[in-house]
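**Student:** got a sequence here, can you build the structure:
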Amino acid sequence: MAFHRVLVTGAAGLLGSEVVRALTGRCEVVGLDVRRGDADIAWHVGDVTDRALVGRAVEGCDAVAHVAAIPNVVSGTGADIVRVNVVGTWNVFDAAEAAGARRVVLCSSDSVVGFTVLQGRMVPPDYLPIDEAHPMRPTDPYALSKKLGEEVAESFTLRGMEAVALRPVFIAHPQSRVEIEARARDPKGYRPGQAGGAQPAAGGAVWHHVDPRDVARAFRLALELDLGTQRFERFFLSADVTLSPEPTLERLAAWLKGPLPPIRDPGVWEANPHAPLYDLRRAREILGFEAEHDARGWR
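**Tutor:** Next up, the predicted model:
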């Protein structure tokens, strides 16, 4: 482990608790959340919008795994999402810099591209597969908050810090399993929330997903990553397959009701018809990340 003491924000949440488990035994872990979690670590209880609290929590830490956020567009008003996610990210970087922490790994989202959340205006991608250089065009408050979070991160790297922005697709927590199973049984008739799950089945037009254990491992890899002369990196995180019953490009064409965007590497879908829309090569080659789990067998 490149770091000895790591603050995990949102450490009691669904993803944050997985990140704590992934780091336990590799470094000293400190947790911050609105409630105390079950892990046997030092805890700071409160909100990331409290700058003084974040400052106390990060004291003595040399890195931060920033997970705390309003986690999706249906979990709060637009104003609340932007306030918590953007101000919280600012507080984390500002406090980390003041405490002398060298690196922050933050949880961004594939939604920054603008083709993810059906509640927003879906802007088709310029090309496929979508890589980290693709323009960011968020159209909903959650996606906007994540784009602004990445901009906060990049701003602090220009001042000397290091940052890695992880962009997971829909995280398929076990609490969503009944919804994912219901959608798989009746893809055309499924309505979000019909199975009574804690979260509806999501993933955008082609039903992307990634397992929380894989995302947590990506946080560990991002903390261990030798950035060399780089100070800021971005990586998409996804399972190697979507949850759509149709092949990815077939489903996308039907959804767009028109021609597909230019395909720069058709071999991706020739080798794996259910491959995601995102280019996962940088995550694989630089971060050393490859998903170990997928929910395609959930029925």
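**Student:** from here on, just use CA atoms for contacts and neighbour counts.
**Tutor:** Noted.
**Student:** just the C-alphas of stretch 100-113, formatted as PDB.
**Tutor:** Taking Å, rounded to 0.1, in the frame of the first residue of the first chain, the C-alpha atoms of stretch 100-113 are listed here in PDB:
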ATOM      1  CA  GLY A 100      -0.700  17.400   3.800                       C
ATOM      2  CA  ALA A 101      -2.500  14.400   2.400                       C
ATOM      3  CA  ARG A 102      -1.000  13.600  -1.000                       C
ATOM      4  CA  ARG A 103      -3.800  11.800  -2.900                       C
ATOM      5  CA  VAL A 104      -7.600  11.700  -3.100                       C
ATOM      6  CA  VAL A 105      -9.400   9.000  -5.000                       C
ATOM      7  CA  LEU A 106     -12.900  10.200  -5.600                       C
ATOM      8  CA  CYS A 107     -16.000   8.400  -6.800                       C
ATOM      9  CA  SER A 108     -17.300  10.100  -9.900                       C
ATOM     10  CA  SER A 109     -19.700   8.500 -12.400                       C
ATOM     11  CA  ASP A 110     -20.100   7.400 -16.000                       C
ATOM     12  CA  SER A 111     -23.100   9.800 -16.000                       C
ATOM     13  CA  VAL A 112     -20.700  12.700 -16.700                       C
ATOM     14  CA  VAL A 113     -20.800  11.700 -20.300                       C
END
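**Student:** tell me the contacts of residue 199?
**Tutor:** Going by C-alpha atoms under 8 Å, 6 or more residues apart in numbering, residue 199 touches 175, 176, 179, 193.
**Student:** and the residues you listed as TSV, adding distance to residue 93 and secondary structure?
**Tutor:** Formatted as TSV, the contacts of residue 199 follow (distance: C-alpha to C-alpha, whole Å; DSSP: H, G, I helix; E, B strand; the rest coil):
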residue	distance to residue 93	secondary structure
175	31	helix
176	31	helix
179	36	helix
193	36	coil
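**Student:** so which of the residues you listed is surrounded by the most neighbours?
**Tutor:** residue 179 (26 neighbours; other C-alpha atoms under 10 Å).
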